[in-house]
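Student: Take this sequence and fold it.
(one chain, ligands or ions: 1)
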Amino acid sequence: MPELIPISLVAHQAFCPRRAWLEAMGEKTDTHQVEIGTQAHTPADDPTGSRARRYRAVDVISHDLGVTGRCDTVELDENAAMTIVEHKATPVRRRPEVTDPMRIQVALLAGALADMGYPVSGQAIYFTNHHTRVDVPLTPADRALARDMVADTARTLAAEQAPPPLEDDRRCSRCSHISVCLPDERPLTPVTRRIIVADPDTQVLHLTTPGSRAYVTRGRIEVSKSGEKLGTFPIERVQGVVVHGNVDLSSGLIREVLWRSLSVVWCTSSGRVTGWARAAQGPNGGPRLLQHVASQHGRIDLARQFVAAKVANQATLLRRHGDAPTAVTRLRELQREALDSPSLTDLFGIEGDAAARYFEHFLTMLRPKVVATEGLTFSTRTRRPARDPINAALNFCYGLLTADTLRAVVACGLDPHAGFLHSSGRNKPALALDLVEEFRAPIADSVVLNAFNNGEIRTRDFSTALGTTRIGERGRKALIAGYERRVTGTFRHPIFGYDVTWRRAMEIQARLVLGVIDGTQPRYQGIKTR
Ligand code: SF4
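Tutor: I've put the predicted structure just below:
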């Protein structure tokens, strides 16, 4: 027996086939528009609110139509004939107008209810923002169109590839899925339409105080230590949680975060990512399988872009803040060579060469007075263990960056472990590390340079023992504050031409990788700052 299709998906299909696909793939949108729609439905979704002659949240099914669904409200007249009333939130500035998707939705609800043996005498849409009820009389043509739309939806869902985004179509401007669909970004050209930023009011919560405990109570995350409350934060404003070092999380908090399809990333106090938790019901299971195949076969085109953008951004940072014009020129050459690199081995060679030249002159980007008074030294990158305060600070900020790209990768359903530049065989979050590359210089390096140059961190914030330099709690907090300022600050996107936060830019890059994998994106392009 063919699987029954949710009527809501058929309505999405009527609006745009790609939206039906995204919904079926489990893409959660978090825009203001969806929030308003959810609020408008809340009373109608509660069957306990039913009264005599008016039933709420009535489930319907029709094997003949091949659909299941739920009526918001069903009203009975004195002859027990039923009228379906659907609740819709439409901005007040727009007219309370019954659209084709709404008409198809009520036609299917009415058809299913009739198939279940109930007499249906009418349909209506109640526009919650306008407090206006509009009757929707149905014609045989409406019913036939609704049936055809069920067949179209089945074809969309059975396809191996996502439908392409609409091109320059007005529907996208009022689509709740624009922030995950990215119809304007796909061609990798400047975007003229105003972009809805995904959930701009939310924040990533960093838990840093050693020995503290975080838990959820009455819709807020609270952090306390030894009986003293350190802070409290509304959970609906949390975009993700990053735990630094020895901080205890209650299972109730972890469950609540995962229930909201958010992720938790655990790091050591020096910034190394040790693990993460993601919701079981992530989106894009199908493309995730394609990602594994692509990762095994290799995608040198993606790897080239990650490295070329990384080197380009190193060159830009050094040109802006350093004093090494010859190195900058060579970095520009290496950037171009990366794009033509025939193999991963060559690419690693280019990346290593660029890193050596860039870090050789890293100290020139710090104020000479700061270098002198703080006694800063930096001869080369020493990953772990860090040998000096600058390396310790860089390690810590690269960890913050990895936590962010991890979140971006997980949010669009990809597997952090299956990468294209970094080896997936080493049990590292290879794809998250791939994405980190282009953001290292403009975010992490920039935060470290600013923090030292502005005196936000000092050498006394670090300790060295047996050749290993560690950052202390005050230094960690200062770097987290600088990092958050940076990733929540906006910049002019070099490809799309609009202002966007760095954190949102990471999400967009992860979604472009997803598009390349699922075949809806012609190619990937790294962000190269100018
Ligand atoms: S943004 Fe446009 S192309 Fe994408 S799902 Fe919405 S209407 Fe369709």
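Student: Buried residues, stretch 274-286. List them.
Tutor: 276-279, 282-284, 286 (16 or more other Cβ atoms under 10 Å). Where C-beta positions appear, they are placed from N, C-alpha and C, glycine not excepted.
Student: got the contact list for stretch 461-469?
Tutor: 385-389, 391-392, 470-472, 474-475, 478 (Cβ atoms under 8 Å, 6 or more residues apart in numbering).
Student: quick one on the thing from earlier: Throw the buried residues of stretch 274-286 into CSV and include pLDDT and distance to residue 9, thanks.
Tutor: Formatted as CSV, these follow (pLDDT from 0 to 100; distance: Cβ to Cβ, whole Å):
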residue, pLDDT, distance to residue 9
276, 95, 30
277, 95, 29
278, 93, 24
279, 91, 21
282, 83, 19
283, 90, 14
284, 90, 16
286, 89, 16
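Student: before we move on, the earlier item: which among the contacts of stretch 461-469 gets closest to the ligand?
Tutor: residue 478 (40.0 Å; Cβ to the nearest ligand atom).
Student: Look at the closest one and tell me its secondary structure.
Tutor: Three-state call for residue 478 (DSSP: H, G, I helix; E, B strand; the rest coil): helix.
Student: got a pLDDT number for the one residue in the stretch 401-530 of the chain that gets nearest to the ligand?
Tutor: Residue of the stretch 401-530 of the chain nearest the ligand, by Cβ to the nearest ligand atom: residue 520 (10.0 Å). In this model, residue 520 is scored at 87, pLDDT.
Student: So it is in contact with residue 159, correct?
Tutor: No: the pair residue 520 / residue 159 is not scored as a contact, 11.5 Å apart, by Cβ atoms under 8 Å.
Student: So those two - more neighbours on which side?
Tutor: A direct count of neighbours by other Cβ atoms under 10 Å for residue 520 and residue 159 places residue 520 higher, at 20 against 11.
Student: helix/strand/coil for that one?
Tutor: coil.
Student: list the contacts for it?
Tutor: Counting by Cβ under 8 Å, 6+ apart, residue 520 has contacts 161-162, 164-165, 186.
Student: Now flag whichever of those is closest to the ligand.
Tutor: Nearest to the ligand among those, with distances taken as Cβ to the nearest ligand atom, is residue 165, at 3.9 Å.
Student: how many other residues sit next to the closest one?
Tutor: 24.
Student: in a strand, that's where it is, yeah?
Tutor: No: read with three-state DSSP, residue 165 is coil and lies in no strand.
Student: element containing the nearest residue to it once chain neighbours are set aside, please.
Tutor: Nearest non-adjacent residue to residue 165, counting by Cβ to Cβ, 6 or more residues apart in numbering: residue 183, 3.5 Å away. Remark: residue 183 resides in no helix or strand, with elements defined by DSSP states H and E.
Student: how about residue 183, phi and psi?
Tutor: Taking degrees, to the nearest 10, you get phi -60, psi -30 for the backbone angles of residue 183.
Student: who touches it in this structure?
Tutor: 165-167, 169, 172.
Student: Is residue 133 in a helix, a strand, or coil?
Tutor: Applying three-state DSSP: residue 133 is strand.
Student: Neighbours of residue 133, how many?
Tutor: Residue 133: 11 neighbours (other Cβ under 10 Å).
Student: Look up how far residue 124 lies from it.
Tutor: 5 Å (Cβ to Cβ, to the nearest Å).
Student: Now the common contact residues for the two.
Tutor: residue 85.
Student: what residues are up against residue 282?
Tutor: 26, 261, 410, 413.
Student: right, and the pair among these with maximum separation?
Tutor: Within the contacts of residue 282, 26 and 410 form the most distant pair, 12.7 Å apart (Cβ to Cβ).
Student: With neighbour numbers in mind, choose between the two.
Tutor: residue 410 (26 against 14).
Student: what helix or strand is the more buried one on?
Tutor: helix 389-411.
Student: CA atoms only for stretch 374-390 - export them in PDB, please.
Tutor: Taking Å, rounded to 0.1, in the frame of the first residue of the first chain, the C-alpha atoms of stretch 374-390 are listed here in PDB:
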ATOM      1  CA  GLU A 374      54.000  41.900  27.000                       C
ATOM      2  CA  GLY A 375      57.300  40.200  26.000                       C
ATOM      3  CA  LEU A 376      55.400  38.300  23.200                       C
ATOM      4  CA  THR A 377      57.300  35.900  21.000                       C
ATOM      5  CA  PHE A 378      56.000  33.800  18.100                       C
ATOM      6  CA  SER A 379      58.300  32.000  15.700                       C
ATOM      7  CA  THR A 380      56.000  29.300  14.400                       C
ATOM      8  CA  ARG A 381      52.600  27.600  14.900                       C
ATOM      9  CA  THR A 382      52.800  25.000  17.600                       C
ATOM     10  CA  ARG A 383      49.400  23.400  17.800                       C
ATOM     11  CA  ARG A 384      49.300  21.200  20.800                       C
ATOM     12  CA  PRO A 385      51.000  21.700  23.200                       C
ATOM     13  CA  ALA A 386      51.100  25.400  22.700                       C
ATOM     14  CA  ARG A 387      54.500  26.800  23.400                       C
ATOM     15  CA  ASP A 388      53.600  30.500  23.900                       C
ATOM     16  CA  PRO A 389      50.600  32.700  24.700                       C
ATOM     17  CA  ILE A 390      49.800  33.500  21.100                       C
END
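Student: these two touch, right, residue 496 and residue 187?
Tutor: No: between residue 496 and residue 187 there is no contact, the gap being 10.0 Å when judged by Cβ under 8 Å.
Student: What's the local residue count around the residue nearest to residue 488 when sequence neighbours are not counted?
Tutor: Distances taken as Cβ to Cβ, 6+ apart place residue 501 nearest to residue 488, at 5.5 Å, with adjacent residues excluded. Residue 501 has 17 neighbouring residues, counting by other Cβ under 10 Å.
Student: So which bits of stretch 328-346 are buried?
Tutor: For stretch 328-346, by 16+ other Cβ under 10 Å, it's 328, 330-331, 334-335, 337-339, 341, 344, 346.
Student: Which residues does it contact?
Tutor: 298, 300, 303-305, 307-308, 311-312, 314-315, 318-319, 322, 347, 350-351, 353-354, 357-358, 421, 528.
Student: If I look at residue 35, what pLDDT would I see?
Tutor: For residue 35, pLDDT reads 51.
Student: oh, I was asking about residue 53
Tutor: 84.
Student: Find the nearest non-adjacent residue to it, please.
Tutor: residue 76 (4.6 Å).
Student: Please list all residues in contact with that neighbour.
Tutor: 53-55, 82.
Student: Could you turn the buried ones of the residues you listed into a PyMOL selection?
Tutor: Filtering the contacts of residue 76 down to the buried ones (16+ other Cβ under 10 Å) takes a single PyMOL command:
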select buried, resi 55+82
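Student: In strands, which of the contacts of residue 76 fall?
Tutor: Using DSSP state E, the subset of the contacts of residue 76 located in strands is 54-55, 82.
Student: okay if I get these as CSV plus distance to the ligand?
Tutor: Below are the ones in strands among the contacts of residue 76 laid out as CSV (distance: Cβ to the nearest ligand atom, whole Å):
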residue, distance to the ligand
54, 34
55, 32
82, 32
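Student: For residue 126, pull up the helix or strand it's in.
Tutor: Residue 126 belongs to strand 120-127, assigned by DSSP H and E.
Student: right, I mislabeled it, should have said residue 352
Tutor: Assigned by DSSP H and E, residue 352 falls in helix 344-360.
Student: Quick check: what element follows that helix along the chain?
Tutor: Per DSSP H and E, the helix or strand that comes after helix 344-360 is helix 368-374.
Student: Figure out how far that next one is from the centre of its chain.
Tutor: 40 Å (Cα atoms, centre = their mean, to the nearest Å).
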